[in-house]
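[1] next input, structure requested:
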Amino acid sequence: MADMSHSEILRLQAALQRLLGSPKLTVNVPPRKGMSVEIAVAGEVVGTVYRDEDEGEVSYAVNLTVLEEDLPAA
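    So this is what the prediction gives:
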C-alpha cells in the first residue's frame, strides 16, 4: 500500500463524490503515515481506499463495509 498525498486524497474525494453522487462522502487523511485512508459518509466510516501503482499506472481500490445490522428489515 502506497501512502497518498493530501492533494491526491482531495482529488480522489472529488472524483468519488461526483461518481457516487454524494457530496456527504469524505476521504479522510489518516492520522499517521502508513495507516489506511478511510471513506466516510456524513461522518460515518464506511470503508477504506487502497492505492496501487504498477508500471507507472496508478489505481485506487475502494473497499466498502456494510454491517448486516444496517440493512433494512427483510
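
[2] could you spell out the sheet neighbours of the longest strand seen in the chain, each with its direction?
    Longest strand of the chain, by residue count under DSSP state E: strand 44-54. Paired with strand 44-54 in the same sheet, following DSSP bridges, are strand 37-41 (antiparallel), strand 57-64 (antiparallel).

[3] do you know which of those strands lies nearest Leu12?
    With Cβ to Cβ, the closest approach to Leu12 among these belongs to strand 57-64: 6.2 Å. (Each C-beta comes from the backbone N, C-alpha and C, glycine too.)

[4] name the element Ala15 belongs to?
    Taking DSSP states H and E as the criterion, the element that holds Ala15 is helix 6-20.

[5] give me the buried positions along that helix.
    For helix 6-20, burial by neighbour count (16 or more other Cβ atoms under 10 Å) applies to Glu8, Ile9, Leu12, Gln13, Leu16.

[6] got the strands paired with strand 44-54 as CSV, with mean neighbour count columns?
    Below are those laid out as CSV (neighbours: other Cβ atoms under 10 Å):
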stretch, mean neighbour count
strand 37-41, 18
strand 57-64, 11
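
[7] of all the ones you listed, which one comes closest to Val49?
    When the strands paired with strand 44-54 are compared by Cβ to Cβ, strand 37-41 sits nearest Val49, at 4.6 Å.

[8] which other residues reach the closest one?
    Residues from elsewhere that reach strand 37-41 (Cβ atoms under 8 Å, 6 or more residues apart in numbering): 4, 9, 16, 22, 24-30, 45-51, 62, 64.
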